[in-house]
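> Give me the fold of what follows.
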Amino acid sequence: MTAHRYLGVDLGATNTKMVVLSIPAAGEPVIESVDSIPTGGAEGHEAVLARMIDVFNKRHDEEGPFTALGMGTPGLFDADGVVEIFTNLPGQWRGVPLQRILDNGLAMSATLINDARAFTLAEGRIGAGKGAGIVVCMTLGTGIGGGIMIDGELFRGATGFAGEIAHQTVLPDGPLCGCGNYGCAEGVARSDRLAAMAGTETVEEVFAGLAEGDERCADAVATAGKYLGIAIANAITFLGPDRVVIGGGIAAAGDAIFDPIRASVHEHVTLVAPELIDIRPAVLGSEAGAVGAALAAADAAGPPSDRRRPAARPGSA
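Here you go, the predicted model:
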């Protein structure tokens, strides 16, 4: 049977990543191409969406047909696809009827998904979390996002917002977060906070300073790792995941950030033996969000394909 092809999009603050994902009736999804275009958020949401719709339709005409489009967005939207919070994206997006605009402008159906959930879907199903029953994902960068996957499916909870691991309080009376709460993991460990703690302009400078023995950079990374570890430790205690997957720009620093995170997790998890805690780096790279968006579109378009679900866990029904 001919494979279905999907256009996956990761709407970023600076650039928008796109992938073409081919999903056969049986077997693994195949990434056919990866591309990106400037988001141009400073021009306002109307200009951004008009340009995006034009690009997507042109690709549909020239490279399609595509069965559907999936778009990962940097924030939250309601059940009708109306934007509630778009973190780290310039312009006034709150209240924008994103789903309706896409439905009216596109030559294909569109599925919206939070970008961190898209990352979770990709890494959990075909990336570093593949084969695990319960996967908790966290992406570290300009913002910090997360998600939960159980037996190959995203867990969204009764509200649809389950999995916001970065918006749990890890430092009571800590700094104000973009979500409106104080002391969230994102508010104390996202990239600009990490750079500010180290007294640098960028995260890259923080880890360069760490490698050179800069004490302030070392303290900043240790602090960020401590609070990220607390957030992950809480998730491990409540959910008992088989695996924790961490990706994003900050995670690219490797052991420099993973070591303090793991140390903090081991300090704060007392109910699980350290050797049973599996924390891994993501493997799909910067296109994970777009791949996950394409997978979300495929899920919405029809019956799930063979996802090679993991065997039942001990004690499961």
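
> give me every residue that touches residue 117.
If a contact means CB atoms under 8 Å, 6 or more residues apart in numbering, then residue 117 has 72, 145, 147, 154, 156, 163, 292, 296 as its contacts. Heads up, the C-betas are built off the backbone N, CA and C, glycines and all.

> let me fix that: residue 283
Counting by CB under 8 Å, 6+ apart, residue 283 touches 123, 127-128.

> Confirm it sits in a helix?
No. Per DSSP: H, G, I helix; E, B strand; the rest coil, residue 283 lies outside any helix segment and is coil.

> Which strand residues bridge residue 139?
Beta-bridge pairing of residue 139 under DSSP bridges involves residue 145, residue 247.

> pretty sure it contacts residue 247?
Yes. Using CB atoms under 8 Å, residue 139 makes contact with residue 247 at a distance of 5.1 Å.

> what touches both of these two?
Joint contacts of residue 139 and residue 247 (CB under 8 Å, 6+ apart) are 119, 282.

> Any of the contacts of residue 283 buried? List them.
123, 127-128 (16 or more other CB atoms under 10 Å).

> Now, these that are in strands?
Using DSSP state E, no member of the buried ones among the contacts of residue 283 falls in strands.

> how near is residue 279 to residue 8?
Residue 279 sits 26 Å away from residue 8, going by CB to CB, to the nearest Å.

> These two: which has the busier surroundings?
residue 8 (33 against 19; other CB atoms under 10 Å).

> can you confirm residue 22 is in a strand?
Yes. Secondary structure of residue 22 (three-state DSSP): part of a strand.

> For it, give me its contacts.
Taking CB under 8 Å, 6+ apart, we find residue 22 in contact with 3-6, 29-32.

> now do residue 181
Counting by CB under 8 Å, 6+ apart, residue 181 touches 167, 169, 187.

> try it again with 10 Å
167-169, 174, 187 (CB atoms under 10 Å, 6 or more residues apart in numbering).

> of all the contacts of residue 283, which comes closest to residue 12?
Taking CB to CB as the measure, residue 12 sits nearest to residue 123 out of the contacts of residue 283, at 17.3 Å.

> where does the residue nearest the centre of the chain land in three-state SS?
Centroid-nearest residue in the chain: residue 116, 2.2 Å away (criterion: CA atoms, centre = their mean). Here residue 116 is recorded as helix under three-state DSSP.

> show me where the stretch 201-317 of the chain has strands.
Assigned by DSSP state E, counting those that start in this stretch, the stretch 201-317 of the chain shows strands spanning 243-247, 279-281.

> looking at those, which is buried most?
For these, the largest average neighbour count (mean count of other CB atoms under 10 Å) is found in strand 243-247, namely a mean of 26.

> tell me what it is packed against?
In this structure, strand 243-247 makes packing contacts with helix 115-126, strand 134-140, strand 144-150, helix 215-239, helix 255-268, strand 279-281, helix 288-301, judged by 3 or more CB pairs under 10 Å, 6 or more residues apart in numbering; DSSP states H and E.
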